[in-house]
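Peer 1: attaching a predicted model along with its sequence, questions to come.
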Amino acid sequence: VLLVESGGGLVQPGGSLRLSCEESGPGIGTYPMGWFRQAPGKERDFVAVINSGNAGATFYADSVMGRFTISRDNAKNTVYLQMNGLKPEDTAVYYCAADPEGNWRRAEDYKFWGQGTQVTVSS
């Protein structure tokens with residue numbers, strides 16, 4: 001499985017970005033997909049996860065609830081993270097991940113990872 005993120009960049013506080021994660025390989029669309037982020041000197045933290053299928057259940061970290069939305073389009077083999085109301089503390093490298101074996105909120109449980117995309121929120 002290959003995951004490729006895109007859509008990161010520099011945005012002012014209060015702005016929006018949409019991240020994309022394109023999947024390729026066997027089993028596309030049949031497993032949950034998650035987004036994590038890692039700021040310098042910090043651990044990789046859970047952001048959001050979506051279950052398989054175009055109407056999969058979603059779960060969010062408390063810190064992004066109501067501001068971020070995860071979605072997937074299996075026809076395009078892509079998972080999205082729409083980020084609104086961005087804050088400086090959202091600055092991090094954002095990673096998509098696939099196929100967790102246990103706890104969907106724990107990075108260690110995911111089998112496959114993308115290379116990451118930088119999001120910087122600054123005025």
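Peer 2: Yep, that arrived.

Peer 1: tell me the contacts of the residue nearest the centre of the chain?
Peer 2: Nearest residue to the geometric centre of the chain (Cα atoms, centre = their mean): Trp35, 2.4 Å. Contacts here follow Cβ atoms under 8 Å, 6 or more residues apart in numbering; on that basis Trp35 touches Leu19, Cys21, Val47, Ala48, Val49, Ile70, Val79, Leu81, Tyr94, Tyr95, Cys96, Ala97. Where you see a C-beta, it was placed from the backbone N, CA and C, and this is true even at glycine.

Peer 1: can you lay out the residues you listed as a markdown table showing neighbour count?
Peer 2: What follows is the contacts of Trp35, written out as a markdown table (neighbours: other Cβ atoms under 10 Å):
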| residue | neighbour count |
| --- | --- |
| Leu19 | 25 |
| Cys21 | 26 |
| Val47 | 24 |
| Ala48 | 26 |
| Val49 | 23 |
| Ile70 | 23 |
| Val79 | 30 |
| Leu81 | 27 |
| Tyr94 | 23 |
| Tyr95 | 23 |
| Cys96 | 30 |
| Ala97 | 24 |
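
Peer 1: so which of those belong to strands?
Peer 2: Leu19, Cys21, Val47, Ala48, Val49, Ile70, Val79, Leu81, Tyr94, Tyr95, Cys96, Ala97 (DSSP state E).

Peer 1: now do the contacts for Ala39.
Peer 2: Thr91, Ala92, Val93.

Peer 1: okay, the ones in strands among the contacts of Trp35 in CSV with pLDDT and distance to Gly41 next?
Peer 2: Formatted as CSV, the ones in strands among the contacts of Trp35 follow (pLDDT from 0 to 100; distance: Cβ to Cβ, whole Å):
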residue, pLDDT, distance to Gly41
Leu19, 98, 22
Cys21, 96, 25
Val47, 98, 18
Ala48, 98, 22
Val49, 96, 24
Ile70, 96, 26
Val79, 94, 27
Leu81, 98, 23
Tyr94, 98, 16
Tyr95, 98, 16
Cys96, 97, 22
Ala97, 97, 21
